[in-house]
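>>> what's the 3D shape of this:
(chains A and B)
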Amino acid sequence: EAGVTQFPSHSVIEKGQTVTLRCDPISGHDNLYWYRRVMGKEIKFLLHFVKESKQDESGMPNNRFLAERTGGTYSTLKVQPAELEDSGVYFCASSQEGVVTQHFGDGTRLSIL
Amino acid sequence: KNEVEQSPQNLTAQEGEFITINCSYSVGISALHWLQQHPGGGIVSLFMLSSGKKKHGRLIATINIQEKHSSLHITASHPRDSAVYICAPQVGGGADGLTFGKGTHLIIQP
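Numbering: from 1, shown residues only, chains lettered A, B, ... in the order given. Predicted coordinates:
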């Protein structure tokens, strides 16, 4: 069974540019989560999809961040325009409906110059 | 809001030593996860437990729900155990998001 996969593994862009991160959850997992770890701080929840619907987006930092999950399969997280404080590792996790255990992807390391 | 405290924040030990990492949280939870983040950044889920103790290889995780405390132990530590270990309590049933501790940065020297 393929795990949660994230693309790209590392992205380096300049301030003001746009970046799109992608997450492919485990097949059949309705729940998809995005998290972020900024350097030196704890991992923070960003948002939670159930299928294609946003269940909870209380952790999204501001309107420069846009998450989508078309068709309830893969999800994208777009940052536009990127700012220096957006640098960090962005993690995606997925789980089956009603199951507590989340499966994590390897993360995307985002560096804003 | 669930306040999560991990200790120690940093730990350097010699190969073969017994390692203990502690996690305390402030509210009742349904489960607690221990995660491992390697220098490359990827996260691996080590344990998910809601009571008692679980063992996987040289790793042991315990939880005391009444005391709101969990520990992760590593026996016969090895340099490849060097990583950041993160405690993540989960509030509520079902598939809610997790609250994460700041992590314990562990270095095992040969």
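
>>> could you use CA atoms for every contact and neighbour count after this?
OK.

>>> wait, B:Asn2 sits on B:Ser26?
Yes - between B:Asn2 and B:Ser26 there is a contact under Cα atoms under 8 Å: 5.5 Å.

>>> elements contacting the helix or strand bottoming out on mean pLDDT in chain A?
Least confident helix or strand of chain A, by mean pLDDT, DSSP states H and E, is strand A:103-104 with a mean of 86. Here strand A:103-104 touches strand A:88-95, strand B:43-49, going by 3 or more Cα pairs under 8 Å, 6 or more residues apart in numbering or on different chains; DSSP states H and E.

>>> name the residues that touch whichever helix or strand comes after the last one?
By that I understand strand B:43-49. Remark: after strand B:43-49, the chain's next helix or strand is strand B:52-56, criterion DSSP states H and E. Strand B:52-56 is contacted from outside by B:Phe47, B:Ile60, B:Ala61, B:Thr62, B:Ile63, B:Asn64, using Cα atoms under 8 Å, 6 or more residues apart in numbering or on different chains.

>>> at 10 Å instead, please
The contact list for strand B:52-56 (Cα atoms under 10 Å, 6 or more residues apart in numbering or on different chains) reads B:46-48, B:60-65, B:70-74.

>>> hang on, the earlier thing: which one of the helices and strands packed on strand A:103-104 lies nearest to B:Gln14?
Checking those against B:Gln14 by Cα to Cα gives strand B:43-49 as the closest, at 22.0 Å.

>>> tell me what angle that closest one forms with strand A:88-95.
On the basis of axes from the mean of the first three to the mean of the last three Cα atoms, to 10 degrees, strand B:43-49 is oriented at 50 degrees to strand A:88-95.

>>> so strand B:43-49, near chain A or not?
Yes - using Cα under 10 Å from any Cα of the partner chain, we find that strand B:43-49 touches chain A at B:Ile43, B:Val44, B:Ser45, B:Phe47, B:Met48, B:Leu49.

>>> the residue nearest to B:Leu98 when sequence neighbours are not counted: neighbouring residues, count only.
In space, and not counting its chain neighbours, B:Leu98 is closest to B:Gln90: 4.9 Å by Cα to Cα, 6 or more residues apart in numbering or on different chains. Neighbour count of B:Gln90, defined by other Cα atoms under 10 Å in any protein chain shown: 25.
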